[in-house]
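Asks: Here is a sequence together with a model predicted from it:
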Amino acid sequence: MIRITDAISIDESELEESFVRASGPGGQNVNKLSTAVQLRFDMRRSPNLPGDMRVRAERLAGRRLTKDGVIVLIAQRHRTQERNRADALERLVALLQEAAVRPTPRRATRPTRASRERRIDAKKRRGDVKRLRKPDSD
């Protein structure tokens, strides 16, 4: 089990890894070894994720989310498969941990009477300054 929060964890069997060849520089090594990792996690079918967390995770995933609700992470920063696997898993856990945090709802507030009066006074002063700039129309 991969722990996301104290109450939420996902089973390793829900993750699907495939190894592909990494792009970019690397000399002969890049042409021979499949070191890049493509990690897939089917969020919509996961029984361990609460519904509200799933919605936030879909929003956070952005382009990494397929139409079927599968998060696809590609890790190819490192030269070895093991480090790329760990990197992809860390990124998935970080995304799900961020989605697990419930946003605090905004509490509606009203301006105080003093702040409203200060705003009106400032507007009046500004209007007076502009009025004094105008030439007399007598």
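Replies: Noted; the coordinates are in hand.
Asks: Pull the contacting residues for the most centrally placed residue in the chain.
Replies: In the chain, the residue lying closest to the centroid (CA atoms, centre = their mean) is residue 60, at 3.7 Å. Contact analysis of residue 60 by CB atoms under 8 Å, 6 or more residues apart in numbering lists 95, 98, 99. In this view, the C-beta of every residue, glycine as well, is placed from N, C-alpha and C.
Asks: For it, give its distance to residue 54.
Replies: 11 Å (CB to CB, to the nearest Å).
Asks: Find residues that contact each of those two.
Replies: residue 99.
Asks: Let me know the helix or strand that residue 104 is in.
Replies: Secondary structure assignment for residue 104, by DSSP states H and E: no helix or strand.
Asks: Distance of it relative to residue 78?
Replies: For residue 104, the distance to residue 78 - CB to CB - is 37 Å.
Asks: One more: residue 38?
Replies: In terms of CB to CB, residue 38 sits 14 Å off from residue 78.
Asks: Kindly report the same for residue 133.
Replies: From residue 133 to residue 78 the distance is 66 Å (CB to CB).
Asks: Over to residue 19?
Replies: 13 Å.
Asks: what's the overlap in contacts for the two?
Replies: Contacts common to residue 19 and residue 78, judged by CB under 8 Å, 6+ apart, are residue 35.
Asks: Low-confidence ranges, this protein, go.
Replies: Counting by pLDDT under 70, the ranges of the chain that qualify are 3, 6, 11, 22-33, 138.
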